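> Everything below, folded, please.
(chains A and B)
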Number of protein chains: 2
Amino acid sequence: MSTPSASPRRVAIVGATGAVGREMVDVLHRRSFPVAELGLFASERSAGRTVETPFGTKTLEAFDAEKVKGYDIVLLAVSGDFAKAHAPALTEKGALVIDNSSAFRYDDNVPLIVPEINAHAMGDAKLIANPNCTTAIAVVALGPLHKAFGLRRVIVSTYQATSGAGAEGMAELEEQTRNQLEGKPVTNSVFRHPIPFNLIPQIDAFQENGYTKEEMKVTWETRKILEIPDLPVSCTAVRIPTYRAHSEAITVETLSPVTPDAARAVLADAPGVVVKDVPADGIYPMPLNATGQFDVEVGRIRTSLIFGDHGLDLFVCGDQLLKGAALNAVQIAELTL
Amino acid sequence: MSTPSASPRRVAIVGATGAVGREMVDVLHRRSFPVAELGLFASERSAGRTVETPFGTKTLEAFDAEKVKGYDIVLLAVSGDFAKAHAPALTEKGALVIDNSSAFRYDDNVPLIVPEINAHAMGDAKLIANPNCTTAIAVVALGPLHKAFGLRRVIVSTYQATSGAGAEGMAELEEQTRNQLEGKPVTNSVFRHPIPFNLIPQIDAFQENGYTKEEMKVTWETRKILEIPDLPVSCTAVRIPTYRAHSEAITVETLSPVTPDAARAVLADAPGVVVKDVPADGIYPMPLNATGQFDVEVGRIRTSLIFGDHGLDLFVCGDQLLKGAALNAVQIAELTL
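Down below sits the predicted model:
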């Protein structure tokens, strides 16, 4: 959060018309980030169009590297290819560049930051990678558990929302669900298969080992953020017909003994987490409640039937566009205030 | 399947108006079960109403224990309480009673049967329990893997369809999704929370250990069917907005080394299973394809990142009303032919 003494910053958002870019504008406002000037950059096609924002009416500008370099903070909500081509150069005049793509996440010289967990890893880097949405949502719970009990193994099954495929993904869910209910033909273009009343156990491309890249991102990024280079992490990533909150069923094996009560106590004190765990009252993480919220909901915490007193099963849910993207990026920017 | 020599049987379905009861009628027909006479029993409220079936127009009868006892085979698609009260007595005149509820599943004297896996356990019992839908769908894949490689641990996360809550569950999904798309208020009565574009990480009541009864059914029933009394099995059961096919992300640790190719070869030969595992071509288990099918789809088979060459991750999908209920019940009846 901003402090009274923080001097206002000039902030550029590149990819401002996408689902994540639009959330970035909102999050800057919701968190009272001290914005001296807000530049919204998009494709040539969108340039010149005006958009209403909490910071007033803004005119979209075509991306111009020289111009963007002049900002204090640059939030990139663009493709990996675009980021790869432009991000390093954008730091040349001292701007802090926060890239939401996967282009630099596995580069040893680029910090991959979830502020609640590894703010210390920022150092004086000017290019920072924002993690994969599923990973960001998981590690705000896994980080505190690791600190308290040590993680030995992590198994994740995801229930991922269509927002992970951008605004077009959410639109396809809505439009095609409407078609199905009206008895019209159901088609798909954003997703590989029709998404209404279906699920798709594929997100991103398949790797040689049979896991998708999305699944391996969870493995690679969890290791990097938690600084446990050889942590066994396995993920099954599944797209389901929801809009914008990802859920994850997580089984952990711990190094030290752990109880659900001890885990709840640790998580209740953890930043970015809200414990929703009164199951008898129907209180547990759900997209219905997590949508639009900054905090990641954690619940269904119970002693693992597999790993006994050295393990837990839990369920997490977080807004994919917020903690999974825009919020985390703005929180990284806040570390400079 | 029926054989030419099998003498036709008199079959009663109790609970014939529910989602499972209706599927039982269809499955008897689809599998050419030799039906000499079909009795459809329901509540007093439905009695006298006629229904169209593949066996002709039938009149629903009010449940009458004395009358039902006279059939050769009785398929119960009723509540656990109703089954508990009536099932044992229905066997008195020699009828084979197959109960779809959980009332007798954990009774040591009542076989719990998935014909592909443990038909031998039928013995000469007259009361047979039909397993929980999630379990039935999982074990057709887990059984062959256990036989070939030995199971040491099983971790399951489910993606369960609304049909698990009966016809009313599916109707609530459709009706409330329509309401949400039309901007009308969204309510819930079958489910504890609104289901459209949401998920609910609760199915059935919570037990003292923090798992739901649905989750524990998977543990208890998998152990009983696979005859591994102490097998560690852990489940997270989640309701998602789909109609009638359940999916499950499963991680197994095996006693012997296993490769994905070896597992695929075993599963390709397994009855009740269809291997759908050409991920690069977008071929993997999905509700869209599994719905209405007898076979359980198995795919996404890969070496576990947690258990290495002694483990697999896989994904299964099966029709909850078919292999998860009606089909399995009819298959049990077929064992008597």
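> Let me know the secondary structure of whichever residue of the stretch 51-200 of chain A sits closest to chain B.
The stretch 51-200 of chain A approaches chain B most closely through A:Ser157 (3.5 Å), counting by Cβ to the nearest Cβ. To be clear about C-beta, it is placed using only N, CA and C from the backbone, and glycine gets the same treatment. Three-state call for A:Ser157 (DSSP: H, G, I helix; E, B strand; the rest coil): strand.
> residues touching it, list them.
Going by Cβ atoms under 8 Å, 6 or more residues apart in numbering or on different chains, A:Ser157 touches A:235-236, A:238, A:248-249, B:157, B:236, B:249.
> Tell me which other helices or strands the strand or helix carrying A:Glu174 touches.
A:Glu174 is part of helix A:166-181 when elements are defined by DSSP states H and E. Other helices and strands packing on helix A:166-181, by 3 or more Cβ pairs under 8 Å, 6 or more residues apart in numbering or on different chains; DSSP states H and E, are helix A:19-30, helix B:166-181.
> do you know how far A:Leu305 is from B:Ala136?
Distance from A:Leu305 to B:Ala136, counting by Cβ to Cβ, to the nearest Å: 20 Å.
> again with A:Lys84
Taken as Cβ to Cβ, the span from A:Lys84 to B:Ala136 is 48 Å.
> Pick out whichever of A:Leu305 and B:Ala136 has more residues nearby.
Neighbours were counted for A:Leu305 and for B:Ala136 using other Cβ atoms under 10 Å in any protein chain shown; B:Ala136 has more, 31 against 22.
> my guess is the more buried one is in a helix, correct?
Yes. Looking at B:Ala136 with three-state DSSP, it is inside a helix.
> what's the pLDDT at it?
On pLDDT, B:Ala136 comes in at 98.
> Equivalent analysis for A:Met1, please.
pLDDT for A:Met1: 48.
> Leaving out chain neighbours, which residue sits closest to the residue in the stretch 151-300 of chain A that chain B sits nearest to?
In the stretch 151-300 of chain A, no residue comes nearer to chain B than A:Gly210, which is 3.1 Å away by Cβ to the nearest Cβ. Excluding its sequence neighbours, the residue lying closest to A:Gly210 (Cβ to Cβ, 6 or more residues apart in numbering or on different chains) is B:Arg302, at 3.1 Å.
> got the CA coordinates for stretch A:65-73 in CSV?
Extracted as CSV, the C-alpha positions of stretch A:65-73 are listed here (Å, rounded to 0.1, in the frame of the first residue of the first chain):
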residue,chain,number,x,y,z
ALA,A,65,9.2,1.9,-26.7
GLU,A,66,11.0,5.3,-26.4
LYS,A,67,7.9,6.8,-24.8
VAL,A,68,7.3,3.9,-22.4
LYS,A,69,10.9,4.0,-21.3
GLY,A,70,10.3,7.4,-19.8
TYR,A,71,7.8,6.1,-17.1
ASP,A,72,8.9,5.1,-13.6
ILE,A,73,6.9,1.9,-13.6
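> ok, and what's touching it?
Under Cβ under 8 Å, 6+ apart, the answer for stretch A:65-73 is A:9-12, A:14, A:36-37, A:39, A:41, A:61, A:74, A:86, A:89-90, A:92-96, A:98, A:333, A:336.
> re earlier: hey, which of the helices and strands packed on helix A:166-181 is tucked in deepest?
Each of the helices and strands packed on helix A:166-181 was scored by mean neighbour count; the highest is helix A:19-30, a mean of 23, by mean count of other Cβ atoms under 10 Å in any protein chain shown.
> how about it, does it reach chain B?
No. Helix A:19-30 stays clear of chain B (Cβ under 8 Å from any Cβ of the partner chain), getting no nearer than 15.8 Å.
> Distance-wise, check the residue nearest to A:Gln293 when sequence neighbours are not counted relative to chain B.
In space, and not counting its chain neighbours, A:Gln293 is closest to A:Asp319: 6.0 Å by Cβ to Cβ, 6+ apart. Separation of A:Asp319 from chain B (Cβ to the nearest Cβ, to the nearest Å): 14 Å.
> Report the beta-bridge partner residues of A:Asp319.
A:Asp319 has these beta-bridge partners by DSSP bridges: A:Ala245.
> How about the contacts made by it?
Contacts of A:Asp319 were listed using Cβ under 8 Å, 6+ apart, and they are A:244-245, A:290-294, A:327.
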